[in-house]
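Q: output the structure for:
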Amino acid sequence: MLMGPGGTRVSDETELERARARYGLLAVVGSNAAIVLVTVVGVWQLHGDTSVIVGVLTAAFTAVSSMTTAYLGIKAISNTAKSMSASAAAAAQAPTFAAPAPTSPTAAPVPAPADTP
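A: I've put the predicted structure just below:
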């Protein structure tokens, strides 16, 4: 257990999840920056050939948006699965109470004799 801000305890699993999110986002941002850099250099080297520049920019935009969307989609699914497993674990640990068994009388009731005239 680690100490978080405010002196609260943070579990190792939470710290691992933070590291995964941090470095995953860093990888996506780094990849997007590399794509932008290659695109800028490619457009600069083409010296104004507009039809090719449009193709390069379209491919770069597609790569950046695909990379970002994939990361965010995987992260959303991961968070959903984690919350579902946590709620299932909490439901499994919750005590279950059985309904009380119906009580039956010890002797069956006997009908009263009818009055005869």
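Q: quick check, pLDDT for Leu2.
A: Per-residue confidence for Leu2 comes out at a pLDDT of 52.
Q: so that it lines up with my notes, have the first residue be 54 from now on.
A: Yes, from this point I'll number from 54; that puts the last item at Leu55.
Q: if I look at Met120, how far off is Gln98?
A: To Gln98, Met120 is 23 Å away according to C-beta to C-beta, to the nearest Å. The C-beta positions use only the backbone N, C-alpha and C, and glycine is treated the same way.
Q: between the two, which one's more packed in?
A: Neighbour count, other C-beta atoms under 10 Å: between Met120 and Gln98, Met120 has more, with 16 against 9.
Q: wait, doesn't that one sit right on Asn85?
A: Yes: using C-beta atoms under 8 Å, Met120 is in contact with Asn85, at 6.1 Å.
Q: now for Ala113, how many residues are close by?
A: Ala113: 19 neighbours (other C-beta under 10 Å).
Q: got a list of what it touches?
A: 88-89, 91-92 (C-beta atoms under 8 Å, 6 or more residues apart in numbering).
Q: give me the pLDDT value at it.
A: pLDDT, read off for Ala113, is 93.
Q: element containing it, please.
A: helix 103-146 (DSSP states H and E).
Q: repeat for Arg73
A: Here Arg73 is assigned to helix 65-99, by DSSP H and E.
Q: are there helices or strands packed against that helix, and which ones?
A: Where contact means 3 or more C-beta pairs under 8 Å, 6 or more residues apart in numbering; DSSP states H and E, helix 65-99 is packed against helix 103-146.
Q: now the helix it packs on and helix 65-99, what's the angle there?
A: Here helix 103-146 runs at an angle of 170 degrees relative to helix 65-99 (axes from the mean of the first three to the mean of the last three C-alpha atoms, to 10 degrees).
Q: where's Ala143 relative to Val109, distance?
A: 51 Å.
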